[in-house]
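In: got a predicted structure plus its sequence, pasted below:
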Amino acid sequence: MNGQLNEQPLVELIREIASQHRDGVLRLRHDPVKVVVYFEAGDLIYAAANLRELRLAEYVRKQKILPDEQLQALDNSKSDLALATALSQNGLVDRKTVVWLIANQVVDVLRVALLWAEGGWEFDARPRLADPFRVKIDVPGLLLQATRKMKPRTIAARLPNRAEIFSPAADLPDATGLLPAEGFLFSRLEGPLSLSEWILLSGLSDDEALRTIYGLAVAGFVKRQRWPGALTKERPFVAQAPAAPEESGAETSPAEASVHTLASDLEELLARLQNAASFYEVLKLGHDASPQDIKNSYYALARRYHPDLFHMQAGTPLHASVESAFAKIAQAYVTLTDPAQRSAYDAKLAARERIRSSTLEVPKQSEKDRVRAEAAKATRTKQSEAEGENDFARAESSFQEGFIALQQGQIQAAIVSLAAAARLAPSEARFRAYYGRALGAVEATRRLAEAELQAALKLDPDNFSYRLMLAQLYFDLGFYRRSQSELKRVLAAEPNNPGAQKLLRRLETTTTP
């Protein structure tokens, strides 16, 4: 089996081999560079390249593990694995260090190959890796990193069907490497969702949403309805978009509808949507609107303002405004017709209203975060500075809504608001920590919670309230040693911390036979 990387990206080849639990070797060529990647039962166990700087001897030399004369005394014509065996068997380097060197080498080889947009590939199921060295690396993390560097048009070509369904994966990879936007988008996927619906819910641009969704799918965080197969020839899945309901009475042609809309109330619609404070106002409905009311309003707006009716204006500012307006209409429809999403959204609106009269003390920006923000502000241009300040203001507002919702037990509403805050201001430790705390309240998203809390502590390592949140999360996950380790660090700095003392007593009760 063989093909071209511009037709089947390496990230998808690795994913397919893993999903089918295949044995064999994947040979890649991007002249003059050649790479081989070995698999056992779908696990990526070894990779090598013909570039000198990616040979094992160079890694030994760079790490200064052996004197040059000893390294030169070995046969440089040996393969990398033969050299590894010689180093280990001759007692020159302990086996643990050799495996560590190989793992670093394999990661670097894959990082190079994963950037190739051109070149050929060939998969052979017959070869096996005879040498005893095997490495374990973070393959999902590498695939995710690679998708972040892919061109938008390449990713768009890999996700051509907006009706394709995505759903949460049963077994999640380690989520500690997810960026805030990736964690935010993943948290919005509570069940099966079409690609178009997921993009609308994301609040991101098409390119950014597609890149994030593709990365989550390749890395195994979400299940895609149908992948294009390279090792097994499968016909790509093509779903038909749902037909719009027939309108009673006389039909109006798209051209007539477009002219009528442009002449009558398009400007009024755009102004109304710009000032709409909620999805209910977007659809011109009350908060007690029935599902049928919501559908009727959406389809009435779709018949008059769908971007397809304005195809003659494609590429103009008018068409862009119509697309943006209809995206907001569609997002309102998707949110309000799903009972779970509507409930969470209603709770968010209620939390927003309670902020004005709430007596809860919302955590403020720490001095360290303020200094960091000021330093970043000093390096921005006036335009980007204004944009950044606007983003932070929106993030702060979302954080306050989320914090109130979290304190009042409205977990889903809290996740939505706190995720938005973390996405808009990912360097604000406070936003990341409380987003992690909200995710930790839901069993299915606790591994994502760990990533957010770790990110918060990386930004503000001396904040022991965040460390206590992490200790609580580890306790909930059943990682009692990790929980105890975090608690010791809290109590070493704050011996009388009541929350830490209470959790320690629970931990001792749980782990004592």
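Out: Thanks, I have the structure now.

In: show me how this protein divides into domains.
Out: Following automatic domain parsing, the chain resolves into domains at 2-137, 141-224, 254-337, 338-436.

In: show the end-to-end separation of the first one, please.
Out: End-to-end distance for domain 2-137, by CA to CA, to the nearest Å: 25 Å.

In: ok, now which ones touch the nearest residue to residue 208 once chain neighbours are set aside?
Out: Distance criterion CB to CB, 6 or more residues apart in numbering; nearest residue to residue 208, sequence neighbours excluded, is residue 181 at 7.0 Å. Heads up, the C-betas are built off the backbone N, CA and C, glycines and all. Residue 181 sits next to 204, 208, 212, 423, 426 when contact means CB atoms under 8 Å, 6 or more residues apart in numbering.

In: the fourth one sits in which helix or strand?
Out: Using DSSP states H and E, residue 423 sits in helix 411-424.

In: CA atoms only for whatever helix or strand comes next after that helix, dumped as CSV, please.
Out: Using DSSP H and E, the helix or strand that directly follows helix 411-424 along the chain is helix 429-440. C-alpha atoms of helix 429-440 as CSV (Å, rounded to 0.1, in the frame of the first residue of the first chain):
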residue,chain,number,x,y,z
ALA,A,429,-4.0,32.1,35.9
ARG,A,430,-7.2,32.9,37.7
PHE,A,431,-9.4,32.1,34.6
ARG,A,432,-7.5,28.8,34.0
ALA,A,433,-7.8,27.7,37.6
TYR,A,434,-11.5,28.2,38.0
TYR,A,435,-12.2,26.8,34.6
GLY,A,436,-10.3,23.7,35.8
ARG,A,437,-12.3,23.7,39.0
ALA,A,438,-15.6,23.7,37.1
LEU,A,439,-14.4,20.9,34.7
GLY,A,440,-13.4,18.9,37.8
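
In: can you name every helix or strand that helix 429-440 contacts?
Out: helix 180-187, helix 367-378, helix 382-407, helix 411-424, helix 446-459, helix 464-477 (3 or more CB pairs under 8 Å, 6 or more residues apart in numbering; DSSP states H and E).

In: pLDDT of that helix, averaged?
Out: Averaging pLDDT along helix 429-440 gives 92.

In: do the same with stretch 416-424
Out: When pLDDT is averaged over stretch 416-424, the result is 84.

In: over to stretch 499-513?
Out: 87.

In: spell out the secondary structure type for residue 98.
Out: Three-state assignment for residue 98 (DSSP: H, G, I helix; E, B strand; the rest coil): helix.

In: actually residue 162, not the one I typed
Out: Residue 162 - assigned by three-state DSSP - is coil.

In: that older thread, contacts for the helix holding residue 423?
Out: By CB under 8 Å, 6+ apart, helix 411-424 touches 180-181, 183-184, 187-188, 203, 340, 343-345, 347-348, 350-351, 391-392, 394-396, 398-399, 401-403, 405-406, 428, 431-432, 434-435, 438-439, 441-442, 445, 452.

In: show the buried residues in those residues.
Out: Buried subset of those (neighbour count, 16 or more other CB atoms under 10 Å): 180-181, 183-184, 187-188, 203, 344-345, 347-348, 350-351, 392, 395-396, 398-399, 401-403, 405-406, 428, 431-432, 434-435, 438-439, 441, 445, 452.

In: can you find the helix or strand in this structure with the smallest mean pLDDT?
Out: In the chain, the helix or strand scored least confidently by mean pLDDT, DSSP states H and E is helix 254-264, which has a mean of 45.

In: how far is the helix or strand following that helix from where the chain is centred?
Out: Per DSSP H and E, helix 254-264 leads on to helix 266-275 as the next helix or strand towards the C-terminus. Helix 266-275 sits 33 Å away from the centroid of its parent chain (CA atoms, centre = their mean, to the nearest Å).

In: can you name every helix or strand that helix 266-275 contacts?
Out: On a contact count with 3+ CB pairs under 8 Å, 6+ apart, helix 266-275 meets helix 317-337.

In: what residues of the helix it packs on count as buried?
Out: 321-322, 325-326, 328-336.

In: so it versus helix 266-275, what angle?
Out: Angle of helix 317-337 versus helix 266-275, following axes from the mean of the first three to the mean of the last three CA atoms, to 10 degrees, is 50 degrees.
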